[in-house]
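In: Below is the sequence, then the predicted model.
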Amino acid sequence: MSGSLPAFLYVEDDELSQEIMQLLLVHVLGYSQVMTIEDSNHFVERVRALPIVPDVIFLDIQMRPHDGYAMLKMLRGEEAYQKTKVIAMTASVMATDVAALKTAGFDGLIGKPIMRQVFPDLLRRILAGESIWFIS
Amino acid sequence: MRAIKLRLNLGLKLLLIFLIVGLIPLIVTGGVNILLTSNTLRDRAFGDEQAYLQRKANEIERFLSATGDDVFLLSQSVAVREMSQAIVNNNQLALQPARETTATEFQNFVAQRKFGDQRVYARIRFLTTDGFEFVRVDDVDGKPTVSMNLNFRNNEGYFSQAIGLPEGEIYISPINLFDEYGRIQQPYTPVLQYSTPVYSDEKLVGVLVMDIQAQGFLDLVQADLPSKATAFLVDQEGYYLSDADPAKLYGRDLKTGISLPSDRPALSEVLNTPQDGTTELGGNIVVYQRIVPPGQEGRYWMLFSLRPLNTVLSSVRQQQNTLELALLLVGIVVAGIALYFARGLSRPIVQLTETSTLIADGNLNQRVQIARDDEIGDLARTFNSMADQLRGSIDHLEDRVNARTRDLQIAADVSRQLTTVLDIDRLLQQVATLTATSYDLYASFVFLPVENGKRLIQAAGADSSGALLKLEGFDGLLINAQPSIVALAARSCETVTVNNTLTSPLYLHWDALPDTRSEVAIPLMLGDRLLGVFDLQSRQTNRFDEEDLRILTSLAEQIAIAVRNAQLFEETKAAREAAEQANKVKSQFLANMSHELRTPLNAILNFTGFVADGVLGPVNEKQADSLNKVVNSSQHLLSLINDILDLTKIEVGMMDLFIQDVDMNAALESSVSTAKGLVKDKPIQLITDIEKDLPVIMGDRRRIRQVLLNLISNAVKFTPEGSVTISASRKDGDILITVSDTGIGIPADQTDTVFESFKQAKHDLPENPGTGLGMPISKAFVEAHGGKIWFESRVGVGTTFYVTLPIAATEVEAAAPKTEGTVQAS
């Protein structure tokens, strides 16, 4: 970050969700470095090809061909991504899902639907290093 | 009386018996013998004593007899006869020469007759009928001398006594000391006269008188005496003629008065006894013998011998002692032999006893070492053979016990292994394999009934190597098949054993198993129900005895249970799998529904919100208001979805609590903080009375917060004005949380429906209506945590909800670090 604005990556195959996050992060919160990956093909390569290492990655879980857990594993394997917060962003928020995410090593969860009123506060806290597990 | 029982050991007993049996007769016979022998010896000793005296007497008698013979001979001699003839015929002419011849003859006699080296005859005379010494020869200093000193002797006894005798008779005078003049000769010279009448032509002619030196034969009395013996000779009046003490001699002639009656009165009786004999006198044995010159009745002497009894008997004693010694030796030998035999008998018996004791103590290797050819040897051999047999049978028994133990162990092992197998095919094959290999059987099968028990099919099979044994071309056995041991067992529900298949009509031969000689089929029963048949086959005849059958039957019971368990397991497994599948489907459905509902709500809520917020461009107030209504409705829909999901999970029993440690102070603080936001625009005072340092409990943090928020938001919602009080404290083993308000209260007719779904109390409040699911969900959550929830309410006064959450044994440190952030509910 080094004083500058944080960078975000959103991995999501649902176009509406992508659009909502764009609006939230760029238009509402004014962040400029927001990248999106819409499927998990060649995920590692695509991540490595990113122009900048994001500060926070929001990962959808139900994705193909690699789901969120597989992608987390890949990210954890990348040296450059050791400090990146990986937040699950999913509509699958049953207790078993939450437990699985925690076990897998996600840094936090923001369940869908995203609550735009509380999202800024959650993001701030995530950036501050807090572990956030939010289910709407 | 106290009975004293002596326990003698066998050896001692035998020894005693042998000693009694051996020694008593010995002692009795020996004693009797000694006694008898003693008497005999005594008699013999007495006899010996008599014999020696007899010998002495005989010598004297012989002497006297010889003297008698001399008298007769001389009286009949030619010289005496011619002289006698001349006297009768008065032939003076012939007389003188006859007289001289006779004198010569007398001289010859005196000279010739000797006793020892002494002359026998001191004087030989011929006296005429008037007593005149007609011929006289004297022994004068060893020389027979014709004496001319001739006298009349008609007053002498030897004349007067002899003159009246018939021809051939002899008169013997007493032994005396007198010389021819009637004087005692010095030294004493005992003499006696033999005299006999001399006839010629039956006319008495004269008397022949022979003076005999008595000392010679008297000396015989004292000669050659046995040791310690004293002998003495007395004449018929008892006067001593010979004695060890010379002072006693010749009592009559010397007029000392000493004679046997005075000196040894006890023996005086003997004098009158015309016999020989013995008597005892003062510790002495007295032997006496009457000495009578042959052909003489009137003259006799008594010869005595005295000898101490001890001396006489000493030889007897000696012999007796020898006998006693011999007896003692024999006794010792007998005792030794008794000891030897007693030991010989008792030792092997003691050894037998000791050995049998050792054997009884379990030392079965003990044997008796007795090599004898008698009955004891036989006993020892029999005993050893018995011990061998005992050892053999015990070994055999041990073998049998070991075999049984092993069989039982195998059965137990099989049973134990079976309990771990729940797959029925694997289970049955394992039964077959384990039994076939463990019991080394030709084959082991399990048959199961099919088609309602009409047929039996082979479900498992194994041979002794444990290899799978599948009967080729066997597609089942009809249950009424005959012959068939398996079918019979299935029909009768009884164990069927055939211990010789070659002779049994029950046995069904299978080509695949040509060597079967024994077969046992045991029905696997569960109560009355036939689960199958356990069939075992062996190459040995008589392989299955009663013990085997007991073990196998017991094993079959275990197998039946295991089979039933496996069947039940399969049934329940199927049911469980079905239920699990159903749950999984339900769960998946709920998860999918949640996901599928939330995804569009994400779009609806946010896009509407962005528009209403003017993010996408300006909107007027009316538009914004409408768009906000969409947002609110969408949020309500989201709450509804959440609640429905929760409730559905509760109702299908799939409520999944995410159990972790819950800091109750933090949870309450967070809820109070939310409540503050809720009462912000209302005239409600929020009061808190929360005990500090409430314990950390184990629970689902999100659900507990959800309950608290639900209670608080309800209180706020149903309280137009006044206060809402939140308190929490420890009570017993619980945390008691109360949320009380001063709201509208719950009417009595609705108190029963508070915790029912979709049954929100009717009210006229302008608030957003709830989903009506909050209370039932809260109740389910509280109860899922083991707590309770209830309330008290009065219409128009207010309502108080009580919640207890058990602290439980899993209470953890209140100061546990917070490792996770907040999970918030919308």
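Out: Thanks, I have it.
In: pLDDT wise, what is B:Leu64 at?
Out: At B:Leu64, the model reports a pLDDT of 85.
In: Ok, A:Gly30 next?
Out: pLDDT, A:Gly30: 93.
In: so how far is A:Phe58 from it?
Out: The gap separating A:Gly30 from A:Phe58 is 17 Å, by CB to CB, to the nearest Å. Quick note: C-beta positions are derived from backbone N, CA and C, even for glycine.
In: Let me see the ranges of the helices in chain A.
Out: A:15-22, A:43-48, A:68-76, A:95-104, A:119-127 (DSSP state H).
In: lowest-confidence stretch among those?
Out: helix A:95-104 (a mean of 90).
In: ok, back up a step: pick out whichever of A:Gly30 and A:Phe58 has more residues nearby.
Out: A:Phe58 (27 against 8; other CB atoms under 10 Å in any protein chain shown).
In: and the more buried one, what does it touch?
Out: A:Phe8, A:Leu9, A:Tyr10, A:Val11, A:Glu12, A:Met21, A:Ile87, A:Ala88, A:Met89, A:Ile110 (CB atoms under 8 Å, 6 or more residues apart in numbering or on different chains).
In: Strands - which of the residues you listed land there?
Out: A:Phe8, A:Leu9, A:Tyr10, A:Val11, A:Ile87, A:Ala88, A:Ile110 (DSSP state E).
In: Model confidence for the first one, exactly?
Out: For A:Phe8, the model assigns a pLDDT of 96.
In: With the fifth one instead?
Out: Here the pLDDT value assigned to A:Ile87 is 97.
In: Next, find the distance separating B:Leu41 from chain A.
Out: 133 Å (CB to the nearest CB, to the nearest Å).
In: Might one say that that residue is in contact with B:Gln320?
Out: Yes. Using CB atoms under 8 Å, B:Leu41 makes contact with B:Gln320 at a distance of 6.8 Å.
In: Please name the bridge partners of the residue nearest to the spatial centre of chain A.
Out: By CA atoms, centre = their mean, chain A has its centre lying nearest to A:Phe58, at 0.7 Å. In this entry, A:Phe58 is beta-bridged to A:Tyr10, A:Ile87, by DSSP bridges.
In: quick revisit: out of the contacts of A:Phe58, which one sits closest to B:Leu590?
Out: A:Ala88 (19.1 Å; CB to CB).
In: burial of the closest one, as a residue count?
Out: For A:Ala88, using other CB under 10 Å, the count is 27.
In: same thing with B:Thr433?
Out: 21.
In: by contact count, what packs against the helix or strand harbouring it?
Out: Per DSSP states H and E, B:Thr433 falls inside helix B:424-438. Under the contact criterion of 3 or more CB pairs under 8 Å, 6 or more residues apart in numbering or on different chains; DSSP states H and E, helix B:424-438 touches helix B:375-419, strand B:443-450, strand B:455-463, strand B:529-538, helix B:546-613.
In: before we move on, back to that, nearest to chain B, of the ones in strands among the contacts of A:Phe58?
Out: Proximity of the ones in strands among the contacts of A:Phe58 to chain B (CB to the nearest CB) peaks at A:Ile110, which lies at 10.6 Å.
In: Wait, that closest one touches A:Ser131, no?
Out: No. Contact criterion CB under 8 Å: A:Ile110 and A:Ser131 do not qualify, at 11.9 Å.
In: So for the two, which residue has more residues nearby?
Out: A:Ile110 (22 against 18).
In: what pairs with that one across the strands?
Out: A:Phe134.
In: mind checking how far it is from A:Ser17?
Out: In terms of CB to CB, A:Ile110 sits 11 Å off from A:Ser17.
In: residues in contact with the closest residue in space to A:Phe119 that isn't next to it in sequence?
Out: Excluding the flanking residues, the one nearest A:Phe119 by CB to CB, 6 or more residues apart in numbering or on different chains is A:Leu24, at 6.0 Å. Residues in contact with A:Leu24 (CB under 8 Å, 6+ apart) are A:Ile114, A:Arg116, A:Phe119, B:Asn606.
In: Does the last one touch A:Arg116 like I think?
Out: Pointing back at B:Asn606 there. Yes. In this structure B:Asn606 lies within contact range of A:Arg116 using CB under 8 Å: 5.6 Å.
In: need the contacts of A:Phe58 in CSV with distance to B:Val146, can you?
Out: Converted to CSV, the contacts of A:Phe58 look like this (distance: CB to CB, whole Å):
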residue, distance to B:Val146
A:Phe8, 211
A:Leu9, 208
A:Tyr10, 211
A:Val11, 206
A:Glu12, 210
A:Met21, 214
A:Ile87, 203
A:Ala88, 200
A:Met89, 206
A:Ile110, 206
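In: Show me which of the ones in strands among the contacts of A:Phe58 are buried.
Out: Among the ones in strands among the contacts of A:Phe58, those buried by neighbour count (16 or more other CB atoms under 10 Å in any protein chain shown) are A:Phe8, A:Leu9, A:Tyr10, A:Val11, A:Ile87, A:Ala88, A:Ile110.
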